[in-house]
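In: Predicted model and sequence follow; I will ask about them next.
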Amino acid sequence: MARVLNLVLKRILLGVMTLIGLTVITFILSHAGGPTLAVSTYINPRSPIPTSEQIKVLEQRFHLNDPLYVQYFYYVSGLLSGQWGYTNTPVFNGPVTTAIAYFLPNTIELSVLAMLIIVFVGIRLGVFSASRQNGIADNMIRVISFVGIALPAFWLGLLMQETFASGTVSNWLNLLPLDGNVNTPLVAHLSWYQQGISYPTHFLFIDALIHGDLAVAASNLIHIILPAVTIALTSLAIIIRMTRSSTIDSLHQDYIKTVRMKGIPERKVIRYHAQRNAMIPTATVLGILFANLLAGVVLVEYVFDYPGIGQWIVQAFLADNIAGIMGANLVFGTILITSNLAVDVIYLFIDPRIKY
Amino acid sequence: MATIHINRIVQSARWKSARLTLMLLLKNPTGAVGFVIMLTYVGIALVLQFAPWIIGIAHPGTMIPNFSNPYPSPPSATHMLGTTYPGIDVFRAIIKAIRIDVFSSLLVVGAGAAIGSIVGIYAGFHGRLVDQAVMRITDIFFSLPFLVLAMAIGFTLGRAFNDVLLSLVIIWWPIYARLARSQTLAIKNELYVKFSLVSGNGSLKTIFKHIFPNTLTPILIQMSVDLANVILLISGLYFIGFAAETPYLPELGSLISYGFPFALTAPWTIVYPGLALLIFALGMNLFGDGLRDALNPRYRI
C-alpha cells in the first residue's frame, strides 16, 4: 500500500508540474504581443476606451514593464487570486471568472451526457463485435467506427440539425430543438434563473430538479441530446476498437478455455469472464477519449449555438479577446490534467502490476 | 569489392521489402481502398499544382466569388454541385480546396514528424536530463486539446495561411517525439547498436544507420493517420473563421463555413465539401490501418 501511495504522490507531482507548464504557455502566449496587448486583458470592456496615459498607468499597475520572470510571478499570483482578466465577446461580457462559472457547467452537462453515450454504447458494441469476430456484424461495426473517426464534428453537427431538428426549412423529422440549451420563454420569468445562470449549482438540469420544475429539466435534456450524440459519434470509434481488441485478447486466454470446458454458456463466458478483464486496457484510452471529446465540444457547441466553454473560446477568438482564449485554455488544460491524473490513479488500483 | 556487393544486396533487400509491403497492403481490402483514395487525392492535388488547365481550372489559388448572383443555387448543368455564397461553384471550389488541404496536411505532418523524430531519438539516446525535459514538455502539449491550443498559438502568431501551418507544426511534433523516444529506448541496448558504437562508429552514424531505420515503422503509420487528423483540424479552424486575412482561399472547412448560414435551406453548400473531407480522412485511416498490418512482422514471413 505504501508503494501505491508513493506512486500516487509521484503522479500528482507530475500533474502539478504539467499545470505549471500550462500557465507558462498561456503566460508566454498572452505576453508575446508586448505590454499593450497584454494590458487589454485587464481592461473592462464596459469602460470607455482608455487613453495612452491610462494604459501607461495600467502597465505600471500590472507590472507589464518588469522583466519576464517577475511578470510571470505576478501573472500566477493574479490567477490564484481570481484576477483572470475581462472577456468581451458577443456571448458574454465581463470578468473571465464569471464567464467560466456561466459556461463551464453547461459544457460539463453536455460532455457527461456524451461520455455516458460513448461508454454505454461503445463498450457494448466493442464486446459484441469481438464475440462475432470477422462476422458480418463485426465488419459492419468496424466500418462504422472507421467512418466515425473520420467524420468532421462540425459537419456532422450540421447534418444532424438538418435531419432531426425542427425549425429548419426541410423540417424532416422535426424531433428535437435546433440550438441553445433551453427553451427561452420557459425560463424567462424564473426567480432562480437570471441572465443565463441558474442557481444555486449553476447546472441548469440539477437546479430545475431542485426547484421541481420538470418542464425546464426536460427542455434542457432534449436540447442537449443532439450535440451530445454528435460528439459521441465522433469519439465512439476509439472505445469500440480498444474494447474489441482487448476482448479478443482475453477470449484467447487459457482461463476462458477452462470456463468453456466447464460448460458455461458462451453469453456468460463473455459477460462475466472475458469482458471484465478486457475493461482494464480499455481504461487506458479514457484519457485520449476525454481529450477527443473536449476538442469535439468546441466545434459542436459553436454549430449548435450552445452556451458552453467551446462556444466562448470560438467567440473570444473571433473577437480578438486574449483573456477569453487564455482563460478557456486554462480551463480545458486543468480538466484534462485532472482527468488524466484520475484515470492513472484509478488504473493503479485496478491493475497492481503498473509502475511509473 | 566486398563492401559494394553487400551494399547491393542490402539495396535489393530494401526494394523487395518495399514491394512486399505494397503487395500486403493491396491484398487487404480496406488497405487497398485507402491506398486508392490517397492516390486520387494526391493525384488531384498534383494535377492542380502543375497543370490546372487539363481540368479547365484557371485560378487554382482562389475561389472566384460572383457578387452579381451571390445566393446559393441548386445543382444544375452549369454548376454540377450547385453554388454557395457568394456565387462560388461548389465543385470547382472542392477541387481547388483538395490541393491546399492535401499539401498543407502533408507539410504539417512531414515537418512535425521530422522535428519530433530528431528530438525523440536524441532524448531516448542520451537519456537523463534531456529525456526528462522532453517528456515534461510533451506532457504540457498533451494537456490541451489540439484545436484549443492551435487557437491560442494562432492568435499570437497571426491569421495568415502560413501562421496556421506554423502553429500546427508547433503542436504536431510531440507525438512523434514520444514515438521515436520509446522506439529508441527499446533498441538502444540491443547488441548491434552496442557493437556499432564499440567498433568505432560515432553516435551520429550509429543513430542514422541503426536507430533511425528502426523507428520508421510506427512513425509512418502515425503519419498516415495524422494526415487525416491534421486535415480535420485545419478545416475545423477554417470553419470557425481562422483565416480572416485570406477570405477566398479554397479550403474545405472555409467552404463549409460559407454555406453555414444557408445550410438549412441549401444543404448542397455543406454536404459535398464535407463528403470530400470525410472521404479523405476515411481513406487515410484505412490506409494507416492497412499499413499497420502490412508492416507487422507477424504477417511478413
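Out: Perfect, I can see it now. Numbering: from 1, shown residues only, chains lettered A, B, ... in the order given.
In: switch to C-alpha atoms for all contacts and neighbour counts from now on
Out: Noted.
In: show me the contacts for the closest residue to chain B within the stretch 101-250 of chain A.
Out: Proximity to chain B, evaluated over the stretch 101-250 of chain A using Cα to the nearest Cα, is greatest for A:A150 at 4.9 Å. Contacts for A:A150 (Cα atoms under 8 Å, 6 or more residues apart in numbering or on different chains) come out as A:234, B:228, B:278-279, B:281-282, B:285.
In: so which of these would you say is closest to A:V119?
Out: Proximity of the contacts of A:A150 to A:V119, judged by Cα to Cα, is greatest for A:T234, which lies at 13.0 Å.
In: nearest residue to the closest one other than its sequence neighbours?
Out: Distance criterion Cα to Cα, 6 or more residues apart in numbering or on different chains; nearest residue to A:T234, sequence neighbours excluded, is A:G148 at 4.9 Å.
In: May I ask which helix or strand encompasses that neighbour?
Out: Taking DSSP states H and E as the definition, A:G148 sits inside helix A:136-150.
In: Next, the buried residues of that helix.
Out: Of all the residues in helix A:136-150, those buried under the rule 16 or more other Cα atoms under 10 Å in any protein chain shown are A:137-138, A:141-142, A:145-150.
In: so how far is the next helix-or-strand element following that helix off the chain centroid?
Out: Per DSSP H and E, the first helix or strand lying C-terminal to helix A:136-150 is helix A:153-164. Its chain's C-alpha centre lies 19 Å from the corresponding centre of helix A:153-164 when counted by Cα atoms, centre = their mean, to the nearest Å.
In: what does chain B put close to chain A?
Out: Taking Cα under 8 Å from any Cα of the partner chain as the criterion, the neighbours of chain A within chain B are B:136-137, B:139-140, B:143-149, B:151-153, B:155-156, B:228, B:232, B:236, B:240-242, B:256, B:263-265, B:267, B:270-271, B:274, B:277-279, B:281-282, B:285-286.
In: From these, list just the buried residues.
Out: Buried by 16+ other Cα under 10 Å: B:136, B:139-140, B:143-149, B:151-153, B:155-156, B:228, B:232, B:236, B:240-242, B:256, B:263-264, B:267, B:270-271, B:274, B:277-279, B:281-282, B:285-286, out of these.
In: So which elements touch the helix or strand that B:S105 is a member of?
Out: B:S105 is part of helix B:90-126 when elements are defined by DSSP H and E. Applying 3 or more Cα pairs under 8 Å, 6 or more residues apart in numbering or on different chains; DSSP states H and E, one finds that helix B:90-126 makes contact with helix B:29-50, helix B:128-142, helix B:161-172, helix B:174-187, helix B:212-239, helix B:252-259, helix B:268-295.
In: pLDDT averaged over the last one - what is it?
Out: Taken as a whole, helix B:268-295 has a mean pLDDT of 87.
In: How far off centre is it?
Out: 12 Å.
In: How about the third one?
Out: Counting by Cα atoms, centre = their mean, helix B:161-172 is centred 13 Å from the centre of its parent chain.
In: Next, the buried residues of that helix.
Out: By 16+ other Cα under 10 Å, the buried positions in helix B:161-172 come out as B:161, B:163-172.
In: who touches it?
Out: B:104, B:108-109, B:111-113, B:141, B:146, B:149-150, B:153-154, B:157-158, B:234, B:243, B:246.
In: where does the stretch 51-200 of chain A dip in pLDDT?
Out: Within the stretch 51-200 of chain A, the segments meeting pLDDT under 70 span A:166-175.
In: can you give me the helices in it?
Out: Counting by DSSP state H, counting those that start in this stretch, the segments of the stretch 51-200 of chain A that form helices are A:52-61, A:68-80, A:96-131, A:136-150, A:153-164, A:184-187.
In: Please work out how many residues are found near B:T62.
Out: Counted with other Cα atoms under 10 Å in any protein chain shown, residues neighbouring B:T62 total 16.
In: Which elements pack onto the host helix or strand of A:G324?
Out: For A:G324, the host element (DSSP H and E) is helix A:322-350. Helices and strands touching helix A:322-350, as assessed by 3+ Cα pairs under 8 Å, 6+ apart, comprise helix A:2-31, strand A:86-88, helix A:96-131, helix A:275-284, helix A:286-304, helix A:309-318, helix B:146-157.
In: possible to save the ones you listed as CSV with distance to B:P60?
Out: Listed next are the helices and strands packed on helix A:322-350 as CSV, based on distance: least, Cα to Cα, whole Å:
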stretch, distance to B:P60
helix A:2-31, 34
strand A:86-88, 38
helix A:96-131, 40
helix A:275-284, 45
helix A:286-304, 28
helix A:309-318, 27
helix B:146-157, 25
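In: Show me the one of these that comes nearest A:H63.
Out: Ranking the helices and strands packed on helix A:322-350 by their distance to A:H63 (criterion: Cα to Cα) puts helix A:2-31 first, at 11.7 Å.
In: didn't A:Y102 look like it was pressed against A:I197?
Out: Yes: contact status for A:Y102 versus A:I197: in contact at 5.9 Å, counting by Cα atoms under 8 Å.
In: who's more crowded, the two?
Out: Higher neighbour count among A:Y102 and A:I197: A:Y102, with 21 against 17, using other Cα under 10 Å.
In: Right, I'll call it a day here.
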